[in-house]
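A.B. asks: What follows is a predicted structure for the sequence shown.
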Amino acid sequence: MWGVPLLADDRSDVILLKFLRARDYKVKEAFTMLKNTVMWRREIYVHNSVQWRSRHVEKKTHVLP
């Protein structure tokens, strides 16, 4: 999520903490929110959309020497 693998990366602690803070450190609510966010991002292909937009912008803004 946000470019951070949730299970294989030390930065995943930061992601988890964001969700815990958002739900006042209520673990069940934070887990539900995280799960719903992951499902939503998968449903609308957020990762693919961001990559496409990034490549599209690079092509338009890249100046050849």
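C.D. replies: Perfect, thanks for sending it. Since this is a predicted model, take the numbers as computed values, not measurements.
A.B. asks: contacts and neighbour counts: CA atoms only from here.
C.D. replies: Noted.
A.B. asks: Any stretches of this protein with poor pLDDT?
C.D. replies: Within the chain, the ranges that satisfy pLDDT under 70 run 1-9, 46-65.
A.B. asks: all helices of it, in order?
C.D. replies: 12-22, 27-43, 46-61 (DSSP state H).
A.B. asks: Can you list the helices and strands that the shortest one packs against?
C.D. replies: Right, the one you point to is helix 12-22. Using 3 or more C-alpha pairs under 8 Å, 6 or more residues apart in numbering; DSSP states H and E as the contact test, the elements touching helix 12-22 are helix 27-43.
A.B. asks: What residues sit buried inside the helix it packs on?
C.D. replies: By neighbour count on 16 or more other C-alpha atoms under 10 Å, the buried set for helix 27-43 is Ala30, Met33, Leu34.
A.B. asks: so what secondary structure elements neighbour that helix?
C.D. replies: For helix 27-43, the contact count by 3+ C-alpha pairs under 8 Å, 6+ apart identifies helix 12-22 as packing neighbours.
A.B. asks: make it 10 Å
C.D. replies: Other elements packing on helix 27-43 under the criterion 3 or more C-alpha pairs under 10 Å, 6 or more residues apart in numbering; DSSP states H and E are helix 12-22, helix 46-61.
A.B. asks: In the first one, which residues are buried?
C.D. replies: With burial defined by 16+ other C-alpha under 10 Å, the residues of helix 12-22 counted as buried are Ile15, Leu16, Phe19, Leu20.
A.B. asks: Fine by me, thanks again.
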